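# Build me a model:
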Amino acid sequence: MRVRAAIRAIAVGVSLTAMAKEPFGDAEWLRDPRFKGQPVLGVFEAQKMKSQSTALKNIHTYFRKAFTLPALPKKAILLFSADDYAKVYINGTFVLQGPEPSYPFDQPHFDIDVTPFLRIGENVLAAHVYYHGLATRAFNSADNRSGFVAVLTLTAADGSERRIATDGTWRCFASRTFSSDKVFGYNTQFNENMDLNAEPVGWRGAGFDDRAWTPPLTGFLDHVFVPARIAPLQHERRKPVTVERVAPDRWFADMDTEVVGHTRLRLRGKKGQIVTVWHGEECSAPHTVRHVLRCNCDYTDRITLTGGDDLAEFFDYRAFRYVEVLGITNAPDVWVDVRHYPFDWHASAFQSSDPSLTHIWEMCKRGVQIGCQGVFVDCASREKGQYTGDAYMTVLSQLLLTADPALTRKAVNDFHLSQRFDPGMLCVAPGGFRQELAEWSLLWPSMVAYLYRMTGDRAFVKRLAGDGAFEKLLDEFAKMERPDGLLAGVDRHKWVLVDWPANLRGGYDYEKTKNGVNTVINDFYYNALRAAAEMMRVAGHPDTAYAAKAERVKAAINAVLFDPAKGVYIDGLYEDGTPSPKTTLHANGFSLYFGVVPEARRPAVAALMRRERLNCGIYGAPYFIAALFQNGEADLAYELLTCHDAHSWNQMLKEGATTPFEAWGANQKWNTSLCHPAGGMPVWIIVEHLMGLTPAEPGFKAVRMSPHLPAALDACSVTVPTVSGTISASYSRKEGTYTLSVPAGMKATGDMPPNVVLKTRIPQ
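Just a heads-up that it's a prediction; the model follows:
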């Protein structure tokens, strides 16, 4: 009853002061006193405000609690949550940051063992809490929900317990260290000008005098708590490969690859001296950082020194490769606290006789690694938000590289929770910025289906089905159906994408079909119906209504949107029913990938794709290459995957990419991000389509091996983890062999191409 009341309250923006306190018991939510009297707003309420912000924004607050331990506990468990988020320290040592972005009615809490951080005598539990205050894709802010809550439970050797909970005895300090003169991205981040003279040095550790600090604002907010669905982010200290003096007062640092993290600078100068710091993904001139990124971020910050041995720690994360420090003659010590979702780099591997394909794999793998934060970020600079389409593309590779499904489960759940605001699903979730995109909502059932195939987690699918998630989504799209089942007028309800950026749509007849009958949208609709039917069967609902409707849509696409004179598919119908004269790559490539095209029509579609090559963006390309692999065109698929055209992953490498770009080249989009994890789909193409490794049974109880091996490839090998153990496969054209290694007990099925012999199967 309390949970339902909380949900209703959040929906209308009402703050409840007597909400359920579980799981924190009598621990109180601590807030900066500046929030006193500020009304709690509903999700998206701030977006409706002219300023899209609350009165308070970019608020940094420090909290600390000192306590004494006469003896070390046998076990110490910290229960913790924060909003927007916080960094937690024990005795001056960083413990964790979080929680991951979330809706307030699904507020995650961490429960972690912190025993190694404690010591006999005085101890300090401290938190640096941040409130952003703008409506943004990155997380839910601009709602006046702020602060943190924690319980540290200490268990002694005799089993007795002591609790240290957040309450009015904690001390609070409104930080004056951080200020800003610009916000960048899509209102995603403030720059961080730091006056280190205002920083209370040593506040995170024991022995600091906090008597001048104030009591915090205490009470309860309306969050509904859930256990964190993912582990805390992984942090590692990384030094630049070079730090060079390029002028008497200028220093240039190169991290060697794109990183996502928090820069640390040890600086020595005069009191009041101002040092400028630039971050960038590329250089504007030799040893000069391009701090105004292509993707709407100006990574320029100023640091005011104390005259002593100063440590400047950037709080928010950035995506960059280079750092330039200006205005200081003494050599700075530079390092980065690199962060990402836990990722074992050595769990997967790929080698090829084609060095460029190996380089593409490494670039894409790194992009997936650092693009997985608390969510699957669209990019780690401009948006920092989780978009369905980008998330799905990253999921396909991330699950193959890690076999860790937790982040995908969270993403699936986040988009499901967005149905509270739009039954047809928002394309950004969670977040305080409302946005809708048709094809990406329709990808959600495929994300669920892929997760199920990789994990075999039937209970999760049953929960989603039991919540009515598939019905809500597809019922919204059913409202746009014509009598023949095709969707029409979609752009009046949700943004139609086709591909992105707009200049990489390959000449698609976009404007005239987006509110008529758009072929690409209907391809996605067919696929969503088919995936939903599969998942409903998995959940124990044998009703085949979605399967029947999918076949009806497929038949209508083939009857209405096929040009028999040209033998290929048109881009759609105009609003007045006039057929589009255009037959572009997207209308045909998506139709082929999703299985709409009958076998007799496939050669003509493949011929069109051969002519068009990658006349598309990084979004459409993986689907088209996969479609060619699936339909007997392995040589063409491999050629496009490894080509050196202007539209290619090799073009990114040619321009110095260490992670995938948002477009094929930096200049092919007006605001290109140079760290776009969705561009990492070649990992998925290599594993599932080139090497042909897919789950033959959910959860990889059995593996299917159906490789599509092109004549141009001499040899390659791949290793990937699964929830049932590690799989390795290798191919040698010279020997005519395909070697497979799987864990004991895992079955294998599939077939080899002509002239290729399966050399090794399963250890008995």
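
# what residues are up against the nearest residue to G567 once chain neighbours are set aside?
Spatial nearest neighbour of G567, excluding adjacent residues (CB to CB, 6 or more residues apart in numbering): A604 at 3.7 Å. Bear in mind the C-beta positions are built from the backbone N, C-alpha and C, glycine included. By CB atoms under 8 Å, 6 or more residues apart in numbering, A604 lies in contact with K566, G567, V568.

# Enumerate every residue touching W664.
If you count contacts by CB under 8 Å, 6+ apart, W664 has them with L504, L614, G617, I618, A646, H647, S648, W649, Q651, M652.

# Can you report how many residues neighbour the residue nearest to the last one when sequence neighbours are not counted?
This means M652. Sequence neighbours aside, F661 is the residue nearest to M652 in space, at 5.0 Å (criterion: CB to CB, 6+ apart). Taking other CB atoms under 10 Å as the criterion, the count of residues near F661 is 26.

# So F661 sits against G679, correct?
Yes - with contact defined as CB atoms under 8 Å, F661 counts as touching G679 (6.3 Å).

# quick one: common contacting residues for those two?
By CB under 8 Å, 6+ apart, F661 and G679 have these common neighbours: I618, M652.

# Check which helix or strand the residue nearest to G567 maps to.
Assessed by DSSP states H and E, A604 sits inside helix 602-612.

# cool, and T358?
Under the assignment here (DSSP H and E), T358 is part of helix 355-371.

# CA atoms of that helix as CSV?
Provided in CSV are the C-alpha atoms of helix 355-371 (Å, rounded to 0.1, in the frame of the first residue of the first chain):
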residue,chain,number,x,y,z
PRO,A,355,45.3,-6.9,-39.4
SER,A,356,42.6,-4.2,-40.1
LEU,A,357,39.9,-6.6,-38.8
THR,A,358,41.8,-7.2,-35.6
HIS,A,359,42.2,-3.4,-35.2
ILE,A,360,38.5,-2.9,-35.8
TRP,A,361,37.7,-5.5,-33.1
GLU,A,362,40.1,-3.8,-30.6
MET,A,363,38.6,-0.4,-31.3
CYS,A,364,35.0,-1.6,-30.9
LYS,A,365,35.8,-3.7,-27.8
ARG,A,366,37.3,-0.6,-26.1
GLY,A,367,34.3,1.5,-27.1
VAL,A,368,31.9,-1.0,-25.6
GLN,A,369,34.0,-1.2,-22.4
ILE,A,370,34.1,2.5,-21.7
GLY,A,371,30.6,3.2,-23.0
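
# tell me which strands and helices the following helix or strand past that helix is in contact with?
Downstream of helix 355-371, the next assigned helix or strand under DSSP H and E is helix 388-402. Under the contact criterion of 3 or more CB pairs under 8 Å, 6 or more residues apart in numbering; DSSP states H and E, helix 388-402 touches helix 355-371, helix 406-417, helix 438-442, helix 444-455, helix 682-684, strand 715-722.

# Got the domain ranges for this protein?
Following automatic domain parsing, the chain resolves into domains at 2-230, 235-340, 438-612.

# In this model V718 seems to touch G692, though I could be wrong.
No - in this structure, G692 is not within contact of V718 by CB under 8 Å, at 10.3 Å.

# Name the residues of the helix holding T358 that are buried.
Judged by neighbour count using 16 or more other CB atoms under 10 Å, the buried positions of helix 355-371 are 356-357, 359-361, 363-371.

# Turn these into JSON lines, columns for pLDDT and distance to Y525.
What follows is the buried residues of helix 355-371, written out as JSON lines (pLDDT from 0 to 100; distance: CB to CB, whole Å):
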{"residue": "S356", "pLDDT": "95", "distance to Y525": "37"}
{"residue": "L357", "pLDDT": "98", "distance to Y525": "34"}
{"residue": "H359", "pLDDT": "98", "distance to Y525": "37"}
{"residue": "I360", "pLDDT": "98", "distance to Y525": "32"}
{"residue": "W361", "pLDDT": "98", "distance to Y525": "33"}
{"residue": "M363", "pLDDT": "98", "distance to Y525": "33"}
{"residue": "C364", "pLDDT": "98", "distance to Y525": "29"}
{"residue": "K365", "pLDDT": "98", "distance to Y525": "32"}
{"residue": "R366", "pLDDT": "98", "distance to Y525": "34"}
{"residue": "G367", "pLDDT": "98", "distance to Y525": "30"}
{"residue": "V368", "pLDDT": "98", "distance to Y525": "28"}
{"residue": "Q369", "pLDDT": "98", "distance to Y525": "33"}
{"residue": "I370", "pLDDT": "97", "distance to Y525": "33"}
{"residue": "G371", "pLDDT": "97", "distance to Y525": "28"}
